[in-house]
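Enquirer: The following block contains a protein sequence and its predicted model.
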Amino acid sequence: MVVVMSPEATEEDVARVVARVEAVGGEAFVSKGVVRTIIGLVGDLDSFHHLNLRAMHGVADVHRISDPYKLVSRQHHKDRSTVWVGRPGHQVPIGPDTVTFIAGPCAVESAQQTLEAAQMAKSAGATILRGGAYKPRTSPYAFQGLGVAGLEILADVREATGLPVVTEVVDARDVTVVAEYADMLQIGTRNMANFGLLQAAGESGKPVLLKRGMTATIEEWLMAAEYIAQRGNLDIVLCERGIRTFEPATRNTLDISAVPVVQATSHLPIIVDPSHAAGLKELVVPLSRAAIAVGADGVIVDVHPNPEAALCDGPQALEGPELRELAQAMRLFPKLLGREAARAPEPAV
């Protein structure tokens, strides 16, 4: 069961609902969005029905949810959500009204490389900078990232370009330090089912970009998002990045059908990562076009000033003609669907 609070509800209104639910042995999980607060109830439904929650001050509605993911389901949230990324006055939306372009280096290698990649991304129209300071890799011998030094570089580049930063966190113990530097936390495909990390990210107070696990069903993916939402954070953006199938022609198989399926099921925004789906730069532009055409709320791609020398995923990184072609697609394709490209904030003065 879910209690939807009205936009005018106060903290005291929310606290009274929680107290009434807990008084009959139930659990109440409060999640705050941009406009509304939602309270997910766990316990005996018959007991909840006798509480007359709908009549309480500040309560807009009460829903019995059949989906296993209560807080991220669209059953109680008719309108799709918008997640804002960045500092006050320098925020970028991800949601149904715009198409957001996120780009940057797969891995932060140096200050110069990251700044050059960020400038390339911004010139192409990107509004959020991606960059990995921590890199979970299949091989323990591959480049694992610069850690805190990489976070410091990303923060400096944000100041220089004005682009909010999304970066991956791979361990629950690192959530606090990553949240100090990043505007958005990314949970990668290998950690989609790391429930302790999901809960810690939910408690961080920062928006979360949740990538689909490479073998995860859509329901499993949404249940992972529920772990974040249950810890009080509804600022979640889902990312379809390709799933593992029998087909070896690409690194992964981009499940483009996941976009409309998720949008019909959940109110959360969903973007697409064509870079990690394909693993080949020549496929990034056509897959980005397909993502926009099917209704994705954005794309996230790799760019690098020198892909041949990249320490991580060079073959899929864009530069030159491919990046210019993608920039054109990101300008033109949203308009064909009656949408606008999100705008980048200006650097802080």
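Expert: In hand now; what should we look at?
Enquirer: CA only for contacts and neighbour counts going forward, please
Expert: Noted.
Enquirer: which SS class is the closest residue in space to residue 172 that isn't next to it in sequence?
Expert: Among residues not flanking residue 172 along the chain, residue 197 sits closest, at 4.5 Å (Cα to Cα, 6 or more residues apart in numbering). Counting by DSSP: H, G, I helix; E, B strand; the rest coil, the backbone at residue 197 sits in helix.
Enquirer: Wait, residue 197 touches residue 168, no?
Expert: No: judged on Cα atoms under 8 Å, residue 197 makes no contact with residue 168 at a distance of 11.4 Å.
Enquirer: Contacts only, for the residue nearest to residue 172.
Expert: 170, 171, 172, 175, 191 (Cα atoms under 8 Å, 6 or more residues apart in numbering).
Enquirer: Then residue 193?
Expert: When contacts are counted by Cα under 8 Å, 6+ apart, residue 193 touches 213, 224.
Enquirer: That one: helix or strand, and which one exactly?
Expert: Using DSSP states H and E, residue 193 sits in no helix or strand.
Enquirer: so how far is residue 212 from it?
Expert: 9 Å (Cα to Cα, to the nearest Å).
Enquirer: same deal with residue 196?
Expert: For residue 196 relative to residue 212 (Cα to Cα), the value is 17 Å.
Enquirer: The stretch 201-349 of the chain: helices as residue ranges?
Expert: 218-229, 258-265, 274-278, 281-293, 320-336 (DSSP state H, counting those that start in this stretch).
Enquirer: Pretty sure residue 93 sits against residue 101.
Expert: No: counting by Cα under 8 Å, residue 93 does not reach residue 101; the two are 10.4 Å apart.
Enquirer: Give me the common contacts of those two.
Expert: Common contact partners of residue 93 and residue 101 (Cα under 8 Å, 6+ apart): residue 342.
Enquirer: Neighbour count: those two, which is higher?
Expert: Set side by side, residue 93 and residue 101 show more neighbours around residue 101, with 28 against 21, by other Cα atoms under 10 Å.
Enquirer: can you confirm the more buried one is in a strand?
Expert: Yes: residue state for residue 101 (three-state DSSP) corresponds to a strand.
Enquirer: Give me the pLDDT for it.
Expert: If you check residue 101, the pLDDT there is 97.
Enquirer: Just give the nearest non-adjacent residue to it, would you?
Expert: Nearest residue to residue 101 in three dimensions, chain neighbours excluded: residue 126, at 4.7 Å (Cα to Cα, 6+ apart).
Enquirer: How about the secondary structure of the one you found?
Expert: coil.
Enquirer: That one against residue 344, yeah?
Expert: Yes: counting by Cα under 8 Å, residue 126 touches residue 344, with 7.0 Å between them.
Enquirer: neighbour count winner among these two?
Expert: For residue 126 versus residue 344, the count of surrounding residues by other Cα under 10 Å is larger for residue 126: 27 against 21.
Enquirer: In contact with the more buried one, which residues?
Expert: Counting by Cα under 8 Å, 6+ apart, residue 126 touches 100, 101, 102, 103, 344.
Enquirer: Need the pLDDT of it.
Expert: pLDDT at residue 126 comes out at 96.
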